[in-house]
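**Student:** here's my sequence, what's the structure:
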Amino acid sequence: MTTALCPGSFDPPTNGHVDVIRRALAIFDEVVVGVIGNPSKNSMFSSEERVSLLQEVFRDVDRVSVESFDGLLVEYAGRRHVDVIVKGLRGVADFDSELQMAQMNHHLSGIETCFVATNPSHGYISSSLVKEVARLGGSTDRLVPVEVQKALDAKGSK
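**Tutor:** Down below sits the predicted model:
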């Protein structure tokens with residue numbers, strides 16, 4: 001059985017994230033979604049909220065588990081006994097930074113990284129842009145899953 005790890009901040013989870021996770025499921029037996037808890041970032045959603053949102057999005061998929069972690073990605077991957085890290089790429093700019101991280105992760109642990117090209121229909125979506133659009137009152141309903149849209153709406157009403 002091959003287990004893949006899809007790590008990210010997922011603040012908030014987008015349709016692009018969901019697409020990459022679903023495509024990883026088509027390749028690997030199990031997918032662990034690792035929500036990186038980064039206290040230095042000014043997050044819209046807490047780690048617990050992001051985990052909960054992703055669990056709700058994948059509630060009917062038994063081969064996906066979602067949890068948060070802190071610290072080095074490769075240490076978490078080792079604790080979870082994953083075989084490969086899966087990262088989505090939107091374009092050349094993503095590739096440059098992700099390749100460097102993949103090489104460092106391999107140097108530190110020997111774990112391989114598999115890159116999945118984002119579906120072109122999601123290539124322009126980023127969590128940062130979704131947060132900006134939401135904060136300015138724009139429509140994000142075609143950028144995020146329904147469960148995330150509800151959470152964004154609730155954040156906007158506070």
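**Student:** what bits of the protein have low per-residue confidence?
**Tutor:** 38-41, 157-158 (pLDDT under 70).
**Student:** all helices of it, in order?
**Tutor:** Along the chain, counting by DSSP state H, helices occupy 15-27, 47-57, 73-80, 92-109, 127-135, 146-156.
**Student:** S121: which of those helices is closest?
**Tutor:** helix 15-27 (8.4 Å; Cβ to Cβ). For glycine as for every other residue, the C-beta is placed from the backbone atoms N, C-alpha and C.
**Student:** hang on, isn't S109 packed against V82?
**Tutor:** No - contact criterion Cβ atoms under 8 Å: S109 and V82 do not qualify, at 10.4 Å.
**Student:** how near is the spatially closest residue to K87 that is not a sequence neighbour to P7?
**Tutor:** Nearest residue to K87, sequence neighbours excluded (Cβ to Cβ, 6 or more residues apart in numbering): E98, at 5.1 Å. Distance of E98 to P7, computed by Cβ to Cβ, to the nearest Å: 11 Å.
**Student:** identify the contacts common to those two.
**Tutor:** Counting by Cβ atoms under 8 Å, 6 or more residues apart in numbering, the residues touching both E98 and P7 are K87.
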